[in-house]
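Enquirer: with the sequence up front, the predicted model follows.
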Amino acid sequence: MWQTNLKIIGIVVGTLGLYTLVASSIPQVASEVPEELTFTSEVSTAELIAAGEQLYSGAGGCTTCHGTGMRAPNLLTDHASGGPIGQRCGGRAPGESCKLYLYRSLVEPAAHVVEGFPPMVFQARTFSDAQLWSMVAYLESQGGEVTVTADDIETSGEAGDAATSVTLEPGAGPAGAGGSLDARQLLQDQLCLGCHAIDGAGPPLGPSFDGIGSRLSAEEIRTAILNPGADASPGYEALIGVMPTTYGQTLSAAQLEAIVSYLASRN
Amino acid sequence: MRTKTLTACAALLLLALLPEALLAQAADGTIQMRMYGDFPASLGGPRIAVWVAAQVHLFFAAFVLGVPMFAVVTEAIGIFGKEHKYDKLAKEFTRLLLVSYSATAIWGAILVFALITLYPGVWSYLAEIFAPSMWAYVGLFFFESFTLYLYYYGWERWHEGRAKLGHWTLGILLNIWGTAVMFIANSWLTFMMSPPAEVTPDTSPAMVQFWSAFANATWMPINIHRMIANVVFGGAIVGGYAAYRFLLSETEEERAHYDWMGYVGNLIAISALIVLPFAGYYLGREIYEFNQQMGMTMMGGFMSWLWIIQAFLIGVLFLAGNYYLWVGMGRIPGAERFQPYTKWMLMVLVIGVIVWATPNTMIANRAELTAMGGSYHPFLGVLGVMSAKNTAVNLMILTTFLSFLLYRRANKRAMVGWVRTGTQVQAAIFVITAAVVLFYGIYGYFVTAIVRIGFSVWQVLAVLFAIITVTAIDVRMMRGAESYGAIRWGQMPPRSQYALFILMVTFTWLMGLMGFARSGIRQHWHVWEVIRDTSEFAATPPLGYAAQIISVCVLIFLGLVAFIFWVGELAEKPIVTHVRKEPLAGEGHLAPAPAGD
């Protein structure tokens, strides 16, 4: 009996040992916690790059998509013969410097979508300005010149303001809309126009706002803003989950109704 | 019963004392909430304490929830099929359940105490939102306990006629209570993973809508996945128990009984395993829909290699499960005619495992990308994609089903006039199904991702269609079949039982791995994007570390299970059936004759 028991224990322990060994032999990747960054006005370029690289490769989760060339453009290596990101970012958006292009790509993912790829899924609001700018510095360093300085970090304060938690003041969107009830301004400030075309111009990522009042009732528009995943417009089913679901918190009731009324009037 | 009552009372007492345990008075007189408690870092810190408590509790809970499901079905076969041996088997399943029930409750209490004392901030937050459901949870435990004791201890008293039907109804009721208990607990943990959009860090828990939090995005997918997984897990543990009893059997009758019981346990586990991936796919899809970043982290980020480990383990399951069946055919007269097919099935399984375990996304640095000449490995990149993997796993499922079919037909000679045609139709269904699976697998390389995802549905439906139709044909074809001889229950080599042990250990470890996956995709959030983990143990550990913790949990669980089952045996003799020498006409492989019939 003891012989049998020992054999069974051996099988059990051996099997557990095998699985533990296999799991320990493959690449070990941990998920780090984004480190809070505090820079002084004398922060060096090298410090910014180092912090950005740590975030890019770790807690930022960037390598989840950037690096395979399938889900997102390669950043550290060549993409479409443009070279690494630091080399090609300056020419991507007319009138926008490389620094501004990269920063905007992080905080307004839908603003600059590379052809052939879906909009980036990145929650800038969970990162502080220092963290975002350090990532910009790192990306600029990939084949380009780093122009991020401490001034950028101190003066931006508009997006990704919270260091360690998500805190969005009601009525204050990523670009600081404040208490404005100007619907057209709200659409711009809340980045709606980053995906939805209006007046015949704009990206085709989401349904156009032109004629939306004839397609949807006010109630349907309100539902679409507060619960984007509830019912996708025909042809946009694959993009369910892309539109932010937080407008119920970032807009005040008055702002929401201003937007709804404005869109409902666009026949 | 006393243990459960004491545990419940202790939990209530601690809840009542909660404010004193959680709160401390600051220097200015205000009451401060403590976020974290202390646990020795040498033992891994608070995170390990909660991890181990949660995982061991879940192992026991899965067992005590899974067993009633197939115990009720087995009893029904005994009642409506008028086969008394199944009734006895159902009672034996329930005895295992009974002795494990207290351990489940004890570990549940340990988990609650660990959460209260080590994560008081998170616990307080969740308790404020889910308080009504927590009271319902406790209440349901009483119903479940009473029902279980009536179900087991009333077995011999209410053994025929209407009383027997009433007894069977108790079994159904037991499943209802148990499922409700699980659904409630699932709402708490899925809320942590997928809180409703309106819940933000600034939302007071008092303002959170209860039902919105309860029925969150991943609640029902987890419910479905766990219900099926519990059946798989329960079958595997039963199989392991039977294997142990087989190896220690001293009489032929005992050996025959536990050989049969092991076969039934394996049949339950592998049959339910076939549909489990679909539930997992649904869960994965809902996670993606809820939050794409979480979905991508799970599949393509730091957790991507976890699915390679999963593929390896499932490969072991398929190989061990089929090996057990093939060895088992050695005790079936007439099965030797199917033996030449074994090597081809083994080839399909091995190739399938290799393809499925091929990694897709590799986190590569610049030097590695340059060495590979791009983002994908030149050779592995072709195989490490879902088109190839879905094809591989569907063919493995089809092959396993074929193993079961050959096992079922091993000692039978069909006497119907259409046996040749029927067999040809079955073979054609297999070939066409394999062709459909392969077609969509290859075609998937030439279409966009969104189209390719849809192809997996056709592959799955083709396999399910094959299983249902081939089984239906086989059942009709084997009616009135002649037998080559009775199954020689008990005449199995010991290595076959070790295969059942490997299955039991692998299923348990796999469950631990999936628990790590579910918790790990939250990363450094207690409640995703609502309550951040600010403790020193916030980082999610790599797979190697997780594997060590999982192995410890499995060892604790299996050690306790061995002890609990041994204790159960002290009180009662096992229910053993006698082996009938000659088979009855038409009797197949189902079971040995019951004792006393």
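Expert: Looks like it came in fine.
Enquirer: tell me the residue of the stretch 151-267 of chain A that sits nearest chain B?
Expert: A:T245 (3.8 Å; C-beta to the nearest C-beta). No exception for glycine: its C-beta is placed from N, CA and C like everyone else's.
Enquirer: now for that residue: which residues touch it?
Expert: A:N227, A:P228, A:G229, B:A197 (C-beta atoms under 8 Å, 6 or more residues apart in numbering or on different chains).
Enquirer: wasn't B:M415 part of a strand?
Expert: No: applying DSSP: H, G, I helix; E, B strand; the rest coil, one finds B:M415 to be coil, outside a strand.
Enquirer: separation between B:L558 and chain A?
Expert: Distance from B:L558 to chain A, counting by C-beta to the nearest C-beta, to the nearest Å: 6 Å.
Enquirer: ugh, wrong one, I meant B:M303
Expert: 8 Å.
Enquirer: for that residue, which three-state class applies?
Expert: With three-state DSSP as the basis, B:M303 sits in coil.
Enquirer: buried ones in stretch B:520-538, by neighbour count?
Expert: By 16 or more other C-beta atoms under 10 Å in any protein chain shown, the buried positions in stretch B:520-538 come out as B:520-533, B:535, B:537-538.
Enquirer: wait, what's in contact with residue 216?
Expert: I'll assume chain A. So A:L216 contacts A:A224, A:L263, A:A264 (C-beta under 8 Å, 6+ apart).
Enquirer: um, chain B though
Expert: Contacts for B:N216 (C-beta under 8 Å, 6+ apart) come out as B:S187, B:T190, B:F191, B:S194, B:P195, B:P196.
Enquirer: among these, which ones are in helices?
Expert: Judged by DSSP state H, helices contain the following of these: B:S187, B:T190, B:F191.
Enquirer: where do the strands of the chain begin and end?
Expert: Answering for chain A, as no chain was given. Using DSSP state E, chain A contains no strands.
Enquirer: try again with chain B
Expert: Secondary structure of chain B (DSSP E): strands located at B:23-25, B:31-33, B:412-413, B:482-483, B:525-527, B:531-532.
Enquirer: just the CA coordinates for stretch A:207-227, please, in PDB.
Expert: Backbone C-alpha positions of stretch A:207-227 (Å, rounded to 0.1, in the frame of the first residue of the first chain) are rendered in PDB as follows:
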ATOM      1  CA  PRO A 207     -21.100  57.600 -38.300                       C
ATOM      2  CA  SER A 208     -21.100  61.100 -39.800                       C
ATOM      3  CA  PHE A 209     -23.000  63.800 -37.800                       C
ATOM      4  CA  ASP A 210     -24.400  65.100 -41.100                       C
ATOM      5  CA  GLY A 211     -28.100  64.100 -41.300                       C
ATOM      6  CA  ILE A 212     -28.000  62.300 -38.000                       C
ATOM      7  CA  GLY A 213     -31.200  64.000 -36.900                       C
ATOM      8  CA  SER A 214     -33.000  62.300 -39.700                       C
ATOM      9  CA  ARG A 215     -31.500  58.900 -38.800                       C
ATOM     10  CA  LEU A 216     -31.900  58.900 -35.100                       C
ATOM     11  CA  SER A 217     -34.300  60.400 -32.600                       C
ATOM     12  CA  ALA A 218     -33.100  62.500 -29.700                       C
ATOM     13  CA  GLU A 219     -33.500  59.600 -27.300                       C
ATOM     14  CA  GLU A 220     -31.400  57.300 -29.600                       C
ATOM     15  CA  ILE A 221     -28.700  60.000 -29.800                       C
ATOM     16  CA  ARG A 222     -28.700  60.300 -26.000                       C
ATOM     17  CA  THR A 223     -28.400  56.600 -25.600                       C
ATOM     18  CA  ALA A 224     -25.600  56.400 -28.200                       C
ATOM     19  CA  ILE A 225     -23.600  58.900 -26.200                       C
ATOM     20  CA  LEU A 226     -24.200  57.400 -22.800                       C
ATOM     21  CA  ASN A 227     -24.100  53.800 -23.800                       C
END
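Enquirer: what is the mean pLDDT for it?
Expert: The average pLDDT within stretch A:207-227 is 86.
Enquirer: try stretch B:286-298
Expert: Mean predicted lDDT for stretch B:286-298 stands at 82.
Enquirer: endpoints of it, how far apart?
Expert: End-to-end distance for stretch B:286-298: 12 Å, by C-alpha to C-alpha, to the nearest Å.
Enquirer: what does the domain assignment say about chain A?
Expert: Taking automatic domain parsing as the domain assignment, the ranges for chain A are A:45-156, A:183-264.
Enquirer: name the member of the contacts of A:T245 with the most neighbours.
Expert: B:A197 (22 neighbours; other C-beta atoms under 10 Å in any protein chain shown).
Enquirer: how about that one: what's its closest non-neighbour residue?
Expert: A:T245 (3.8 Å; C-beta to C-beta, 6 or more residues apart in numbering or on different chains).
Enquirer: how close does that neighbour get to A:L186?
Expert: 17 Å (C-beta to C-beta, to the nearest Å).
Enquirer: residue ranges with poor pLDDT in the chain?
Expert: The chain I'm using is chain A. For chain A, the stretches with pLDDT under 70 are A:67-71, A:119, A:121-125, A:154-180, A:189, A:194, A:201-205, A:238-242, A:249.
Enquirer: nope, chain B please
Expert: Checking chain B against pLDDT under 70 turns up B:1-33, B:360-384, B:449-450, B:571-597.
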